[in-house]
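Novice: my questions are about this predicted structure, shown below with the sequence.
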Amino acid sequence: MATLEIRDLHVSVEAENGPREILRGVDLTVKQGETHAIMGPNGSGKSTLAYSIAGHPKYTVTGGSVTLDGEDVLSMTVDERARAGLFLAMQYPVEVAGVSVSNFLRTAATAVRGEAPKLRLWVKEVKEAMDRLQMDPSFAERNVNEGFSGGEKKRHEILQLELLKPKIAVLDETDSGLDVDALRIVSEGVNRVRDTGEIGTLLITHYTRILRYIKPDYVHVFAGGRIVESGGPELADKLESEGYEAYTGVKESA
């Protein structure tokens, strides 16, 4: 069973007045088959956690450890982390000019699987996955994320998730910018992968609406760069009714 273990993780980012600590001792274990939701106000460090796990160069790990099945994730390059079974669905997916979606997906699958998928089987696999996400077939020939709507970008992220089949998926505010229909379709895609029982999911979100579609096993409240409370799905209901004020001392505006 794949296990992602985060222990006493401290992360800083360069600021005008020198390094600024964002993560201040994060402890978390995500096992294959589990869904963990991390909820917290804007600026609490949720996305920093996601990008630090993935290896974004902007963030400097100053203490602690991240392991996947006992292997030191922090010593791996970004591509090594992906091949090891880590996946990040970004809040703001980047554009990749001159690279078609179809080429991007097949190159990624080749890297993760260790060999190029047989073309005829691969085309069928991609088409079926796109159909499930209600994506037009012509989408495959467009350049990655160029001119994509918010919903198209998020569907493309979940398309990658379905095809690459990672051990641990970190979904950073996947619900951001989605209308109700797109949220439902994207959530159904996440649930299809999750229901195989072969993936651990770390779902990072600010609002509870996505949790109506993707039911977490555990909910963690993130504030001040660390997890300040953990519980079951009922904790999300508490946050829905009471907000984050009890954890931050600041009342959020509507």
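Specialist: On my side now, so go ahead. Residues are numbered from 1 along each chain as shown.

Novice: whichever strand or helix holds Ala50 - contacts with which helices or strands?
Specialist: Element membership of Ala50 [criterion: DSSP states H and E] is helix 46-54. On a contact count with 3 or more CB pairs under 8 Å, 6 or more residues apart in numbering; DSSP states H and E, helix 46-54 meets strand 3-15, strand 18-31, strand 35-39, strand 59-68, helix 78-84, strand 86-89, strand 168-172, strand 200-205. All C-beta spots, glycine's among them, are computed from the backbone N, C-alpha and C.

Novice: Asn143: which of these is closest?
Specialist: strand 86-89 (19.1 Å; CB to CB).

Novice: now for the closest one, which elements pack on it?
Specialist: helix 46-54, helix 150-164, strand 168-172.

Novice: most packed of those?
Specialist: Among these, judged by mean count of other CB atoms under 10 Å, the one packed with the most neighbours on average is strand 168-172 (a mean of 26).

Novice: how close does Val73 get to Ile6?
Specialist: 9 Å (CB to CB, to the nearest Å).

Novice: overlap in contacts of the two?
Specialist: Contact criterion CB atoms under 8 Å, 6 or more residues apart in numbering; residues shared by Val73 and Ile6: 53, 66.

Novice: before we move on, back to that, let's test this: mean pLDDT of the helix holding Ala50, rounded?
Specialist: Helix 46-54 carries an average pLDDT of 95.

Novice: cool, and stretch 204-212?
Specialist: Mean predicted lDDT for stretch 204-212 stands at 91.

Novice: distance of the closest residue to Arg7 other than its chain neighbours from Lys46?
Specialist: Once flanking residues are discounted, Arg7 sits nearest to Ser65: 4.9 Å by CB to CB, 6 or more residues apart in numbering. Note on Ser65: its distance to Lys46, by CB to CB, is 20 Å.

Novice: please apply the same query to Met130.
Specialist: In terms of CB to CB, Met130 sits 29 Å off from Lys46.

Novice: which SSE is His220 in?
Specialist: Going by DSSP H and E, His220 is in strand 218-223.

Novice: and that strand, what does it pack against?
Specialist: strand 35-39, strand 226-231, helix 234-242, helix 245-248.

Novice: the first one pairs with which strands?
Specialist: Read that as strand 35-39. strand 200-205 (parallel), strand 218-223 (parallel) (DSSP bridges).

Novice: return it as PDB; C-alpha atoms alone will do.
Specialist: C-alpha atoms of strand 35-39 as PDB (Å, rounded to 0.1, in the frame of the first residue of the first chain):
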ATOM      1  CA  THR A  35      -9.100  10.800   0.700                       C
ATOM      2  CA  HIS A  36      -7.900  13.700   2.800                       C
ATOM      3  CA  ALA A  37      -9.300  17.200   2.400                       C
ATOM      4  CA  ILE A  38      -7.100  20.100   3.600                       C
ATOM      5  CA  MET A  39      -9.200  23.200   4.200                       C
END
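
Novice: list the contacts of stretch 173-189.
Specialist: By CB under 8 Å, 6+ apart, stretch 173-189 touches 46-47, 89, 91, 132-134, 150-151, 154-155, 157-159, 161-162, 190, 203-207, 209-210, 213-214.

Novice: just to revisit the earlier point, any chance of the helices and strands packed on strand 86-89 in TSV, plus distance to Ser241?
Specialist: Output for these, formatted as TSV (distance: least, CB to CB, whole Å):
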stretch	distance to Ser241
helix 46-54	20
helix 150-164	27
strand 168-172	24
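
Novice: quick revisit: looking at the helices and strands packed on strand 218-223, which is buried most?
Specialist: Each of these was scored by mean neighbour count; the highest is strand 35-39, a mean of 24, by mean count of other CB under 10 Å.
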